[in-house]
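Colleague: Predicted model follows, preceded by the sequence.
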There are 2 protein chains.
Amino acid sequence: MGVYLGLNRSMPLPSLKRLPGYLRVLQRLASRGQESVSCTQIAGELDLDPTQVRKDLAATGIVGKPRVGYQVKELASVVESFLGWNNVSDAFLAGAGNLGSALVNYDAFSDCGLNIVAVFDVDPGKIGTRLNGREVFALERMRELARRMRIKVGINAVPAAHSQHVVDQMIAGGIRAIWNFAPVKLEVPETILVENVSLSASWAVLSARLREGRGLEG
Amino acid sequence: MGVYLGLNRSMPLPSLKRLPGYLRVLQRLASRGQESVSCTQIAGELDLDPTQVRKDLAATGIVGKPRVGYQVKELASVVESFLGWNNVSDAFLAGAGNLGSALVNYDAFSDCGLNIVAVFDVDPGKIGTRLNGREVFALERMRELARRMRIKVGINAVPAAHSQHVVDQMIAGGIRAIWNFAPVKLEVPETILVENVSLSASWAVLSARLREGRGLEG
DNA sequence: TTCGTATCGATAAAAAACTCCCGAGTCGGG
DNA sequence: CCCGACTCGGGAGTTTTTTATCGATACGAA
């Protein structure tokens, strides 16, 4: 009977970022055997407003039943499809340092449709070794291999200073989406998608609140 | 002459998250010897709206001069103070796995006033070893050591399933702010600050856009 | 069956964030 | 010295996001 994926265009960005949280809750409920779930319950699990959850879910196109809620498995499937996590994306990872190692070893990516297939680095001491089963190649080979394997996703875990060069190589290799962990603004053509992970922004929130005095009283 | 830190209360969260980016730009300009900088220039470096930058900076309380802009060093100092990054926060890290290792080895934290002083884990094989110079202790000792060393910041890099227990220990040890890398909602008293880092939320943005077809045309 | 309650979906209101606009101040060039 | 161009700061206006309200519907209990 096929579930509509809604009008994909322009789901609010904050809503989109909340979807993974919903999916986690749904998967937990499903594993417990719960059949249906209300927005109220989901909101309770995540400390959100029930109306907000309802609105977010509505944006995926699913419909629920009054007094009952949504079918857990169906809803999980819809959210997963909306995120594109039902299909696996093969990705190249640049940077075999500590961060790169952490990413390669992060098991939870398998639940997110992300599969790191190879790692690249400039350090001759690392090239030829393996990280969690993935071979580490010389950075110069990334372009060629990305093209041959039709890789569309690149993860940048290289220090800021070398990131632009790495990203240029990715793009030359046909990569279309870049998940960037370096604290720099990457220069890319506008057809390339870039998503930045900023640890310092997150830490800023915590440390600024600490400085304000919140968290020190009592 | 002392710079005012503005009315600390309630800077918009998005603004706060942009401050680290401004600080990076300012530090780079300062190292180049540039004396003054305009919002226009900062915005150009980061692909933001100049007005937005001006408003964000205004919230820190600094004042600029028309046609000139702001003194780079002064502005950097104000932003740093606003974030609380001029004073070092000693922190405990729970979890000596891949993510924990990456965090301990992440040099950039020293620019953010964050200093990880010790690591904790339950794995007997890790206890007693060192990670980037920091000793790894048994988790049971965290409570006692946190109290003795008056640690206020805890970083949770433990798998989701064990996170709540770890966080309970942190709070028992007097920790007031928790930087949480596990994909779970932590149950804490409302006096405790929690900031969640959600890799999956970031990846969701990229993968949803990929699925939408953006990034595949052309 | 009927009533009461929980929940959905839609709409409206409120709040938050971003963008635009303009007057005022400052510097550089003529 | 005076003019023009650039930039700040404040306020207005727009967009985005969140929260509240209301009628409709489905289930359970009496």
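Modeller: The structure has been received and is ready for your questions. What you are looking at is a predicted structure, and each value in this text was computed from that prediction instead of being measured.

Colleague: Strands of chain A, start to end?
Modeller: Using DSSP state E, the strands found in chain A span residues A:36-37, A:70-71, A:89-94, A:114-121, A:130-131, A:134-138, A:153-156, A:177-180, A:193-196.

Colleague: among those strands, which is nearest chain B?
Modeller: strand A:193-196 (4.1 Å; Cβ to the nearest Cβ). From N, CA and C alone the C-beta is placed, and that goes for glycine too.

Colleague: before we move on, back to that, of the strands of chain A, which stretch is the most buried?
Modeller: Highest mean neighbour count among those (mean count of other Cβ atoms under 10 Å in any protein chain shown): strand A:153-156, with a mean of 27.

Colleague: Run through who's touching that one.
Modeller: For strand A:153-156, contacts defined as Cβ atoms under 8 Å, 6 or more residues apart in numbering or on different chains pick out A:89-95, A:103, A:114, A:116, A:146, A:163, A:166-167, A:170, A:173, A:175-182, A:186, B:206, B:210.

Colleague: From the chain's centroid, how far away is that strand?
Modeller: Distance, stretch centre to chain centre, for strand A:153-156: 11 Å (Cα atoms, centre = their mean, to the nearest Å).

Colleague: Partner strands of that strand, with direction?
Modeller: Strand A:153-156 pairs in its sheet with strand A:89-94 (parallel), strand A:177-180 (parallel), by DSSP bridges.

Colleague: and the shortest one, C-alpha only, in CSV?
Modeller: Pointing back at strand A:177-180 there. This file holds the C-alpha atoms of strand A:177-180, laid out as CSV (Å, rounded to 0.1, in the frame of the first residue of the first chain):
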residue,chain,number,x,y,z
ALA,A,177,27.8,15.5,-0.3
ILE,A,178,30.4,16.3,2.3
TRP,A,179,30.1,15.8,6.0
ASN,A,180,32.7,18.1,7.4
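
Colleague: Contacts for that strand, please.
Modeller: Outside strand A:177-180, the residues within contact range by Cβ under 8 Å, 6+ apart are A:91, A:152-156, A:163, A:167, A:170, A:186, A:188, A:192-197, B:202-203, B:206, B:209-210, B:215.

Colleague: 10 Å instead, please
Modeller: Contact partners of strand A:177-180, identified using Cβ atoms under 10 Å, 6 or more residues apart in numbering or on different chains, comprise A:89, A:91, A:93-94, A:103, A:114, A:152-158, A:160, A:163, A:166-167, A:170-171, A:186, A:188, A:192-198, B:199, B:202-203, B:205-207, B:209-210, B:214-216.

Colleague: what do you get for stretch A:27-37?
Modeller: Counting by Cβ under 10 Å, 6+ apart, A:22, A:25-26, A:41-42, A:45, A:64-65, A:68-77, A:79-80, A:111, B:184 sit against stretch A:27-37.

Colleague: can you do 6 Å?
Modeller: The contact list for stretch A:27-37, computed with Cβ atoms under 6 Å, 6 or more residues apart in numbering or on different chains, reads A:Val68, A:Gly69, A:Tyr70, A:Gln71, A:Val72, A:Lys73, A:Ala76.

Colleague: returning to what we had before: which of the contacts of strand A:153-156 are close to DNA strand C?
Modeller: Among the contacts of strand A:153-156, no residue is within reach of DNA strand C (Cβ under 7 Å from any atom of the strand).

Colleague: Tabulate the strands of chain A (CSV), appending distance to DNA strand D.
Modeller: Formatted as CSV, these follow (distance: least, Cβ to the nearest atom of the strand, whole Å):
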stretch, distance to DNA strand D
strand A:36-37, 9
strand A:70-71, 11
strand A:89-94, 24
strand A:114-121, 24
strand A:130-131, 36
strand A:134-138, 35
strand A:153-156, 24
strand A:177-180, 20
strand A:193-196, 15
